[in-house]
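Novice: 3D model of this:
(one chain, ligands or ions: 2)
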Amino acid sequence: MLDAIGITNFKAFARQDLALAPFTLLTGLNSSGKSSVLQSLALLRQSFEAGLLDEVDDMGGLLLNGELVELGTGQDVRHDTYVRHEVNSPDDRNIVLSITTEGVPYEWRAEYGREDDLLRLLSRPVRPVSSTSYDLRSLFGRRFQYLKADRIVPAVSYPRSHEAAVRRGFLGARGEHTVNFLRAHQDDSVKAESLCLPEASSTTLLSQTDAWMQRLCPGVNLQAVGIDGTDTVRLSYGFGAGVSASNRYRPTNVGFGLTYALPIVIACLSARPDSLILLENPEAHLHPQGQTWLAYLAAAAVSAGAQVIMETHSDHVLNGLRLRVKQGKLRADSTAVHFFRRKGQSTEVVTPVIADDGTLSDWPTGFFDEWENSLDQLLD
Ligand SMILES: Nc1ncnc2c1ncn2[C@@H]1O[C@H](COP(=O)(O)OP(=O)(O)O)[C@@H](O)[C@H]1O
Ligand SMILES: [Mg+2]
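Specialist: Ligands and ions are numbered 1, 2, ... in the order given. As a prediction, this is how the structure comes out:
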């Protein structure tokens with residue numbers, strides 16, 4: 001599990017350390033740096049997958065544009081205000097990302113190059129004395145999911161990539177491999193009890209997906225099938241019982257929210273003890289009760305051993321997490337809530353703590369207080 005992340009000179013951050021828990025929520029105003037945190041982890045992962053964090057020669061580096069994130073060049077990612085420090089130390093130009101896992105810190109220091117899309121590594125983590133090698137994969141979890149806010153929309157068909165969905169179990173940064181993943185793994189058993197809803201007909205991924213999707217839309221069921229002679233798969237929905245029970249509907253004729261939520265649901269249901277799941281605005285297009293259920297599902301993935309880092313604007317998601325703590329389904333010390341707000345050119349982070357009874361230690365101004373603000377004015 002990742003215990004902490006440190007970000008220096010990267011996008012919205014001059015310098016920021018953040019504690020990470022099994023379930024971490026990143027909240028705050030628009031453009032305050034929440035996605036930048038997820039991007040810094042995705043950047044490390046994408047550089048790692050490209051073999052660039054291990055290299056001992058000059059080829060190692062941070063790969064700014066790839067399968068997970070497309071960040072541009074050095075000038076796009078280096079924090080703007082570094083200029084003020086330039087005269088002090090040439091090292092201030094550089095971008096430094098660090099993570100701590102199981103108490104061991106790892107740091108990657110990359111050289112700034114204005115036009116570069118591969119930022120050369122100046123230093124990489126030192127192998128712990130106790131081990132002959134370090135397994136970088138274990139820093140990120142063997143099963144890694146990163147679902148951006150911009151996800152798949154209802155479509156007639158979706159790609160069928162054996163490499164992504166089956167071999168790597170990767171849903172795609174936009175969830176584009178989700179339908180093929182469901183097709184390939186529908187009969188696999190969801191092993192963790194925390195993730196299984198009792199009303200489902202079995203513990204298979206498909207039954208449990210149906211059951212969780214029914215919490216968002218009662219009666220719904222899904223089918224994911226390959227289309228013969230093509231490299232695509234098709235998703236269809238059915239609704240409830242009665243004379244129309246056998247009717248199938250294509251996603252384009254069904255509400256937007258279901259298809260939009262599907263990658264999130266599958267990412268959580270396929271969680272393993274070594275999974276790292278990064279989710280951006282999972283609540284998008286869901287009704288309030290669905291948002292609470294989504295928090296329950298993510299909490300269940302955490303109980304199954306996964307680590308979830310979630311950016312959200314939803315008070316229902318926050319409250320869902322607080323409720324799971326209060327109900328004893330998740331330990332309070334398995335949660336971290338960070339509230340981001342802009343301070344001048346940079347970002348400031350406040351960290352309210354969830355107690356065992358679900359209460360929060362602190363309600364900083366602007367932190368999910370809009371309901372109260374509006375109510376005050378309505379009652380005035
Ligand atoms: N190179 C940079 N230097 C300074 N700030 C940056 C840089 N790149 C992006 N930002 C700032 O980061 C913020 C966007 O961060 P982001 O993580 O996308 O926000 P959020 O997810 O909270 O909406 C914007 O305020 C933008 O000005
Ligand atoms: Mg964002």
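Novice: When you work out contacts or count neighbours from here on, use the C-alpha atoms and nothing else.
Specialist: Will do.
Novice: Let me see the mean pLDDT of the host helix or strand of L279.
Specialist: Remark: L279 resides in strand 275-280, with elements defined by DSSP states H and E. Mean pLDDT, strand 275-280: 96.
Novice: What is the subsequent helix or strand relative to it?
Specialist: Following strand 275-280 in sequence, per DSSP H and E, is helix 288-303.
Novice: How about that next one, which residues are buried there?
Specialist: 290-303 (16 or more other Cα atoms under 10 Å).
Novice: Just send those residues back as TSV, with distance to R167 and pLDDT too.
Specialist: TSV is the format used below for these (distance: Cα to Cα, whole Å; pLDDT from 0 to 100):
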residue	distance to R167	pLDDT
G290	31	95
Q291	31	96
T292	32	97
W293	30	96
L294	27	97
A295	28	98
Y296	28	98
L297	25	98
A298	24	98
A299	26	98
A300	25	98
A301	21	98
V302	23	98
S303	25	97
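Novice: elements contacting the strand holding L279?
Specialist: Using 3 or more Cα pairs under 8 Å, 6 or more residues apart in numbering; DSSP states H and E as the contact definition, the elements that strand 275-280 packs against are strand 143-147, helix 256-269, strand 307-311.
Novice: Dump these into a markdown table; add mean neighbour count, distance to ligand 1 and mean pLDDT as well.
Specialist: As requested, the helices and strands packed on strand 275-280 are arranged in a markdown table below (neighbours: other Cα atoms under 10 Å; distance: least, Cα to the nearest ligand atom, whole Å; pLDDT from 0 to 100):
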| stretch | mean neighbour count | distance to ligand 1 | mean pLDDT |
| --- | --- | --- | --- |
| strand 143-147 | 25 | 13 | 94 |
| helix 256-269 | 23 | 18 | 95 |
| strand 307-311 | 26 | 7 | 97 |
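Novice: Of these, give the one that comes closest to A211.
Specialist: A211 lies closest to helix 256-269 among these, at 10.5 Å (Cα to Cα).
Novice: report the angle between the axes of the closest one and helix 288-303?
Specialist: 10 degrees (axes from the mean of the first three to the mean of the last three Cα atoms, to 10 degrees).
Novice: which residues are in contact with helix 256-269?
Specialist: Applying Cα atoms under 8 Å, 6 or more residues apart in numbering, the external contacts of helix 256-269 come out as 145, 147, 151-154, 171, 175, 178, 182, 190, 195, 205, 208-209, 212-213, 216-217, 251, 277, 279, 282-286, 294, 297-298, 300-301.
Novice: now the most centrally placed residue in the chain, which residues is it bridged with?
Specialist: With distances taken as Cα atoms, centre = their mean, the residue of the chain nearest its centroid is L278 (1.5 Å). Under DSSP bridges, the beta-bridge partners of L278 are Y146, I309.
Novice: so who does it touch?
Specialist: For L278, the contact set (Cα under 8 Å, 6+ apart) comprises 38, 145-147, 308-310.
Novice: I'd like to know how far it sits from S303.
Specialist: Taking Cα to Cα, to the nearest Å as the measure, L278 falls 16 Å from S303.
Novice: now do T292
Specialist: Remark: distance between T292 and S303 (Cα to Cα) = 17 Å.
Novice: and what of R120?
Specialist: 38 Å.
Novice: swap in F181?
Specialist: From F181 to S303 the distance is 22 Å (Cα to Cα).
Novice: To what extent is the closest residue to H185 other than its chain neighbours buried, counted in neighbours?
Specialist: Distances taken as Cα to Cα, 6 or more residues apart in numbering put L205 closest to H185, at 6.9 Å, once the chain neighbours are dropped. Using other Cα atoms under 10 Å, L205 has 22 neighbouring residues.
Novice: Spit out the contact partners of L205.
Specialist: L205 makes contacts with 182, 185-190, 269-270, as judged by Cα under 8 Å, 6+ apart.
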